[in-house]
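Asker: fold the following for me, if possible:
(one chain, ligands or ions: 2)
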Amino acid sequence: MSRADALFLQNCRDILDHGVWDTDLPVRPHWEDGTPAHTVKKFGIVNRYDLQEEFPILTLRRTYWKTAVDELLWIWQKKSNNIHDLNGHIWDEWADPDGSIGKAYGYQLSIKHQYPEGEMDQVDRVLYDLKHNPASRRILTSLYNHQDLHEMNLYPCAWSMTFNVSGNVLNAILNQRSQDMLAANNWNVVQYAVLVHMLAQVSGLVPGELVHVIADAHIYDRHVPIIEKMLAQTPSPAPVFRMDPSVTDFYAFTRDSFSLEDYIPAPSRTRSPSLFEEACAVNAIVVVDQNWAIGRDNDLLFSLPTDMKRFRSLTLGGTVILGRRTLDSFPGGRPLPKRRNIVITHCPDFSREGAETVSSLAAMREATAGTPPDQLWVIGGGSIYAALLSQCARAYVTRVDAAAEGADSFFPNLDKLPGWTVRAVSEPVTENGLTYRFYDYVNTKLCD
Ligand SMILES: Nc1nc(=O)c2c([nH]1)NC[C@@H]1CN(c3ccc(C(=O)N[C@@H](CCC(=O)O)C(=O)O)cc3)CN21
Ligand SMILES: O=c1ccn([C@H]2C[C@H](O)[C@@H](COP(=O)(O)O)O2)c(=O)[nH]1
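Answerer: Ligands and ions are numbered 1, 2, ... in the order given. Prediction:
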């Protein structure tokens, strides 16, 4: 059992057995079906993680730690508030049409402030002090800027870090006002543990303790059965965390600078309903006509530049899963650039530069184990969609208001399949004489 497992078990047991329910109070969040999302909580939980001892990741359930690191780098290193700079999709629903999440997170860290030594943002101030004033008791950051709260879609939850150097050891306190234990507790812990490792390495220090202070540690009503199941899982020892030792500049770390050895989480049996959306949806992405037709003679039915741009930006940086005939239909038969391409084919001798080949769905699952499912994109053709649809939690369907002639390949009609429902529809786009809309379908069988 990892130390993080032990603390998680202890926290959740305490919340479930001794926590206070807010069932009789009006609450802000609601489930997708409109029911208020009530919680049971404990106030003022303090967890201490010794980073020298082990890396604080759960094994009771997989934490999609690479996606968590991506988000951390997005906030602390890119200092961005635009989802287009982020690989994952956890922030999509909080973003405005330009992709901005308002004056939250990265935006706050990007603002320069006046200090005696000159203008710096909060991150550079920390880096400066760790190097020049390690004895300082004033090394801290805060995202909770009241002046800008009205322009934040979600108020910062993990809102402050306090850094403190003892000898050559870097300790830190993460202050969190609100914590969804199931969806985000270990996600936040992993992120800030990685941050302490990064800051220690570039400051010539060794990482020490991460103290996580949580004001409102809660479990949502619909998470209770999932947590109970999780608490009964068999945990494993903590994996070994490695970081590229050659990086000495905070801004030079990438997601590939970090790795975990022997991370063996318990298999996840249920997808949890989540308000703070989890990164666990395999996606399908497709263009269909009004009859759900997708192709003719191994070619697309339509040419839609805006759709193609969206396809590119959604899939960029992720993994695309496709059949061999779909690969052949791409320009020059080449794999899509800047994405991992996994081709499923029965032909044992097939190989194509820049693409990986697997010969079964099981082999595909094995090749993608550890990749956050929300970065896995099933892109066709017809037989691949049909084979993988039951494993897709979302389908991004571009629906063209026209009927193509002579189509020979189809996508399953999601309006007729049980469990599939439309979550969002875009405004119409008109291009090349065709009108189309982007539909966001979800598979409630996997989301419940
Ligand atoms: N929404 C959507 N639109 C599509 O066109 C589409 C899907 N889904 N799903 C599956 C297949 C995959 N198809 C594709 C995908 C990419 C390229 C391609 O060449 N893309 C390049 C260039 C994009 C550009 O012109 O900007 C890429 O880098 O993505 C071609 C056909 C068409 N299909
Ligand atoms: O990093 C995060 C971000 C969000 N959460 C959770 C905590 C709460 O359940 C919600 C936010 O709702 P509020 O009503 O604003 O507290 O999101 C988290 O745990 N960690």
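
Asker: and the stretch 151-300 of the chain, which residues reach ligand 2?
Answerer: Taking C-beta under 6 Å from any ligand atom, the part of the stretch 151-300 of the chain that reaches ligand 2 is made up of Tyr155, Cys157, Ala158, Ser178, Gln179, Asp180, Ala184, Asn188, Phe276. Just so you know, the C-beta spots here come from the backbone N, C-alpha and C atoms, and that holds for glycine as well.

Asker: the same query, at a cut-off of 8 Å, please.
Answerer: Counting by C-beta under 8 Å from any ligand atom, the stretch 151-300 of the chain comes close to ligand 2 at 154-158, 176-181, 183-185, 187-188, 216, 218, 220, 275-276.

Asker: cool, the stretch 1-150 of the chain as well?
Answerer: The stretch 1-150 of the chain comes close to ligand 2 at residues Val27, Arg28, Pro29, Thr39, as judged by C-beta under 8 Å from any ligand atom.

Asker: select from these every entry located in strands.
Answerer: Secondary structure defined by DSSP state E assigns Thr39 of those to strands.

Asker: what about Val206, how many residues close to it?
Answerer: As a burial measure, the neighbour count of Val206 was computed by other C-beta atoms under 10 Å and equals 14.

Asker: show me the beta-bridge partners of it.
Answerer: Val169 (DSSP bridges).

Asker: swap in the one 10 residues further on?
Answerer: Using DSSP bridges, the beta-bridge partners of Asp216 come out as Phe43, Ser178.

Asker: picking up where we left off before, including neighbour count, pLDDT and distance to Ile384, could the residues of the stretch 1-150 of the chain next to ligand 2 go into a markdown table?
Answerer: Putting those into a markdown table (neighbours: other C-beta atoms under 10 Å; pLDDT from 0 to 100; distance: C-beta to C-beta, whole Å) gives the following:
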| residue | neighbour count | pLDDT | distance to Ile384 |
| --- | --- | --- | --- |
| Val27 | 12 | 92 | 42 |
| Arg28 | 7 | 90 | 41 |
| Pro29 | 12 | 89 | 37 |
| Thr39 | 24 | 97 | 40 |
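
Asker: among the residues of the stretch 1-150 of the chain next to ligand 2, which two are most distant?
Answerer: Considering C-beta to C-beta, no two members of those lie farther apart than Arg28 and Thr39, which are separated by 10.9 Å.

Asker: pull the contacting residues for Thr205.
Answerer: No, residue 205 isn't Thr; it's Leu. Leu130, Pro134, Val165, Asn168, Val169, Leu170, Leu199 (C-beta atoms under 8 Å, 6 or more residues apart in numbering).

Asker: report pLDDT for it.
Answerer: Looking at Leu205, its pLDDT stands at 98.

Asker: gap between it and ligand 2?
Answerer: When C-beta to the nearest ligand atom, to the nearest Å is the yardstick, Leu205 and ligand 2 sit 25 Å from each other.

Asker: ok, Leu260 next?
Answerer: Separation of Leu260 from ligand 2 (C-beta to the nearest ligand atom) stands at 21 Å.

Asker: and that residue, bridged to which residues?
Answerer: Partner residues in beta bridges with Leu260: Phe241, with DSSP bridges as the criterion.

Asker: residues touching it, list them.
Answerer: Under the criterion of C-beta under 8 Å, 6+ apart, the contact partners of Leu260 comprise Phe55, Ile57, Trp65, Pro239, Val240, Phe241, Arg242.

Asker: one more: Ser110?
Answerer: Ser110 makes contact with Lys79, Ser80, Asp121 under the criterion C-beta under 8 Å, 6+ apart.

Asker: and if you look at Cys12?
Answerer: Applying C-beta under 8 Å, 6+ apart, we find Cys12 in contact with Met181, Ile219, Ile227, Met230, Leu231.

Asker: does Gly295 sit in a helix, a strand or a coil?
Answerer: In three-state terms, and counting by DSSP: H, G, I helix; E, B strand; the rest coil, Gly295 is strand.

Asker: so what's it bridging to?
Answerer: Each beta-bridge partner of Gly295 is listed here: Leu300, Ser409, as defined by DSSP bridges.

Asker: hang on, isn't it packed against Phe411?
Answerer: No. Counting by C-beta atoms under 8 Å, no contact exists between Gly295 and Phe411, whose distance comes to 9.6 Å.

Asker: who touches both of these two?
Answerer: Overlap between the neighbourhoods of Gly295 and Phe411 consists of Gly382, taking contacts as C-beta under 8 Å, 6+ apart.

Asker: in this protein, which helix or strand is least confident?
Answerer: Across the helices and strands of the chain, the lowest-confidence element by mean pLDDT, DSSP states H and E is helix 444-447, at a mean of 70.

Asker: returning to what we had before: within reach of ligand 1, which of the contacts of Ser110 are there?
Answerer: Within the contacts of Ser110, nothing lies near ligand 1 by C-beta under 8 Å from any ligand atom.

Asker: Pro335 should be in a helix, yeah?
Answerer: No. With three-state DSSP as the criterion, Pro335 is assigned coil and is not in a helix.

Asker: do you know how far it is from Thr319?
Answerer: Separation of Pro335 from Thr319 (C-beta to C-beta, to the nearest Å): 11 Å.

Asker: which residues do those two both contact?
Answerer: Taking C-beta under 8 Å, 6+ apart as the contact rule, Pro335 and Thr319 both touch Asn341.

Asker: domain-wise, how is the chain divided?
Answerer: Using the TED database, the domain ranges for the chain come out as 3-261, 282-443.

Asker: same list, the ones you listed, but as a markdown table with distance to Pro267 please.
Answerer: As requested, those are arranged in a markdown table below (distance: least, C-beta to C-beta, whole Å):
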| stretch | distance to Pro267 |
| --- | --- |
| domain 3-261 | 8 |
| domain 282-443 | 11 |
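
Asker: can you tell me which residues contact Tyr115?
Answerer: Residues in contact with Tyr115, defined by C-beta under 8 Å, 6+ apart, are Arg125.

Asker: quickly list what it is bridged to.
Answerer: Legend: beta-bridge partners of Tyr115 under DSSP bridges are Gly118.

Asker: how close does it get to Ala172?
Answerer: According to C-beta to C-beta, Tyr115 and Ala172 sit 21 Å apart.
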